[in-house]
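Undergrad: pasting a predicted model and its sequence here:
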Amino acid sequence: MRNQGWGCVATKLCGTAVAAVLTAALLSNSSMKAQQVSAGEPGLMPLPSHFEAGTGSFTLKPGMHVAYADFHNPRLEAGVVRMMARLQFESGVPLPHVPSQVAGDMASAGIVIDVAGAGGAVQSLDEDESYSLTVTPQLITLRAATVVGAFHGMETLLQLVQLKENAATIPVVSVEDTPRFQWRGLMIDVSRHFEPVNQIERTLDGMAMVKLNVFHWHLSDDQGFRAESKIYPKLTGVGSNEQFYTQEQMREVVAYARARGIRVVPEFDIPGHSVSWMVGYPQLGSSKGPFHLPDVAGIHDEALDPTREGTYVFLNRFIGEMTKIFPDAYFHVGGDEVNGEVWTSNPRIARFMKRKGFEKPSQLQTYFSQRVVRIVEKHGKKPVGWDEVLVPGLPKNVMVQSWRGVESLAAGARQGYRGILSAPYYLDGMKSNETHYLADPIPADTTLTPEQQKLILGGEVCMWAEQLNERTIDSRIWPRTAVMAERFWSPQSDRDVASMYRRLSGISIELEQVGLKHITGPAMMRRSISGEVNPASLTTLAGVLEPVSFGERYHEQHTDGHTPLDRLVDTVVADPPSRFEIAQDVDAVLNKTADSTEAEARLTRRFMEWQEIAPTLAAQMQANPRMSDAAIRAQQLGDLGSLGLNALSQLNPNNPAIHGTVRGETRIASIDDAAKPAALVRFTFLDSLRKLVTASSASGAIH
Ligand code: ACM
């Protein structure tokens, strides 16, 4: 839903005299943004491939319902019921939630859904996901070849709802939409930290909202085996710390995903990352054991023994069991990060390698991969592996998931392998949304031939779970994943970063409406840490901080399954809106754009607030054992606020709102201080502030 979230957010400063001067400017900027979203661009994410805005709108009315032009089935009907419930919630208009009529008086229904057929009994890569959506003042018409296409159209419809002029409306539009890539995935590691079924299901709801269509479920790794096997019960019996999915639960997740147009691709990562297999079945290991679940993540030397026939007998039976639970055509067998130590140091395995003429462990891994590929295919599946499997001798039907760099994806395509890109989409890198958004599975300057490009099926966002848990995972995945979903769905030419950020804030609110906790989770933790119902100052500080990258955090803190993830770093998110907002405002001030007065007012207000809240907040944090390590960040926030105010006053000595307000630190060196590591969090705006200060020092005396 648009037109929400732009209003003046009440802060301590809203009541002060200075803020009163500034509020008018802020409000005018807010309404301007809302207009941009509705007039200049659809408030949609992902953007459709073709969109035409008309004039006027359709007004939602009580009792309005859906008529099926012809085909409908229980899967479509259940989707319609969910859509109507959400439409009611978003609009405030009472709507019937019961499945609606077929044909009959279509015009009076309000929404006509015209679907040609069910689509595949098992959704395939080739499922027709396209749809068209036509809104006139009288009627909404959604057409699709398949139920999955209709689901995508319903999500678009829900994103178009607007509350304005005291009515719930949908603008007159004509949308013709079809995805750019067939494989648009999200991977979740549930081994390092387990996620309960309800977390997985709300993630699937978020995925459906942004038209992702593959849930890649990383079900085993060194730290835990999460899929129940009835043939090999010790896999979870002693390899899971009793945190695993029953077969019934896995089937439930598969059904839940299918009901939303999402395929489920399971991953069992072998031959490395596999200690959890050996805890119950030590004969699978390449060393003697005994084996224990390692707490700390990283690359462990241990790997399955590729030289024993028993390993393949085991894998054959296990994979056969799992393929009955996961109907998808693809089956992921990992293959990443095998260092081969355990193979070369075992004389029996070393003799095997010599007999076969293998000089390097990677050749033994290829031998293993070839045998596993045959097993996976015997069970009717297409194998997928991480990009380490791309070595000479890899069977051509293996799909390669590139995580180490875009080069391996292109290299694979040149050799005729199908692939998907993940390297730039690792969420634990804590990169900006802009960086993720602009990374393209097939960049405009690709040197691949059109035939080779066809082998690149799409991409997958990856959420590794070493440094998160059930409480924090939503805010690590969302709303960021929506920008990559757009990269995978929308035309290559959609690369307007400012537009992306504008639309993302609206999508974030909608994602919350389907039950995701990316907003409430961090807020709840800040309440818990501070003991305050409304920890406004802490929230201001958190809003301009983000977690350091996976690697930086790993360097400082070896998280394991027992590490409490309840510090300030766990309540802040990557690339919060502040980074781009401040960058834009600084650019507006320095370039004297039409918006520069409002931008200056917004920056002034921010800097004043920082300066004002810092002393008390720093003292509170210092006294709180869960925050004392981060008190320095509060102190620095005040210094940076003063520095920013000083810079603004140098740039515009006539501004009465700023004059005389600078109270503290005004050395540019305070930016360098604030850039130093502390409490696993970093400020989002230092580059912009440095730019402002550098420009101002040309006109004044800042050192
Ligand atoms: C991986 O990140 N090791 C696939």
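TA: Arrived safely, thanks for sending. Numbers count the residues shown, from 1 in each chain.

Undergrad: once you drop chain neighbours, what's closest to the residue nearest to the spatial centre of the chain?
TA: The C-alpha lying nearest the average C-alpha coordinate of the chain belongs to residue 481 (Cα atoms, centre = their mean; 2.5 Å). Once flanking residues are discounted, residue 481 sits nearest to residue 461: 5.0 Å by Cβ to Cβ, 6 or more residues apart in numbering. (Glycine included, C-beta is placed from N, CA and C.)

Undergrad: from the chain's centroid, how far away is stretch 511-521?
TA: Once both centres are worked out by Cα atoms, centre = their mean, to the nearest Å, stretch 511-521 turns out to sit 13 Å from its chain's centre.

Undergrad: show residues contacting it.
TA: Stretch 511-521 has contacts (Cβ atoms under 8 Å, 6 or more residues apart in numbering) with 86, 89-90, 202-203, 205-206, 209, 471-472, 474-475, 477-479, 482, 508-509, 524, 573.

Undergrad: separate out the buried members of those residues.
TA: The neighbour count (16 or more other Cβ atoms under 10 Å) marks 86, 90, 202-203, 205-206, 209, 471-472, 474-475, 477-479, 482, 508, 573 as buried among the contacts of stretch 511-521.

Undergrad: of these, which belong to strands?
TA: Assigned to strands by DSSP state E, none of the buried ones among the contacts of stretch 511-521 qualify.

Undergrad: check contacts around residue 649.
TA: 655, 658, 659, 661, 662.

Undergrad: element containing the last one?
TA: By that I understand residue 662. According to DSSP states H and E, residue 662 maps onto no helix or strand at all.

Undergrad: now do it: how many residues are near it, please.
TA: Number of residues near residue 662 (other Cβ atoms under 10 Å) recorded here: 21.

Undergrad: same deal with the first one?
TA: Residue 655 has 16 neighbouring residues, counting by other Cβ under 10 Å.

Undergrad: for it, what are its contacts?
TA: So residue 655 contacts 600, 604, 648, 649 (Cβ under 8 Å, 6+ apart).

Undergrad: tell me if residue 265 really is in a strand.
TA: Yes. The assignment for residue 265 is a strand, going by DSSP: H, G, I helix; E, B strand; the rest coil.

Undergrad: that one and residue 218 touch, don't they?
TA: No. Using Cβ atoms under 8 Å, residue 265 is not in contact with residue 218, being 9.9 Å away.

Undergrad: and residue 185, how far from the ligand?
TA: 13 Å (Cβ to the nearest ligand atom, to the nearest Å).

Undergrad: over to residue 464?
TA: Taking Cβ to the nearest ligand atom, one finds residue 464 at 7 Å from the ligand.

Undergrad: repeat that for residue 419.
TA: Computed as Cβ to the nearest ligand atom, the residue 419 to the ligand distance reads 14 Å.

Undergrad: quick one, what contacts that residue?
TA: Residues in contact with residue 419 (Cβ under 8 Å, 6+ apart) are 399, 400, 401, 402, 408, 409, 412, 413, 455, 456, 457.

Undergrad: farthest pair in the residues you listed?
TA: Spanning the widest gap among those are 408 and 457, at 14.6 Å by Cβ to Cβ.

Undergrad: secondary structure class for residue 249?
TA: Here residue 249 is helix, with the state taken from three-state DSSP.
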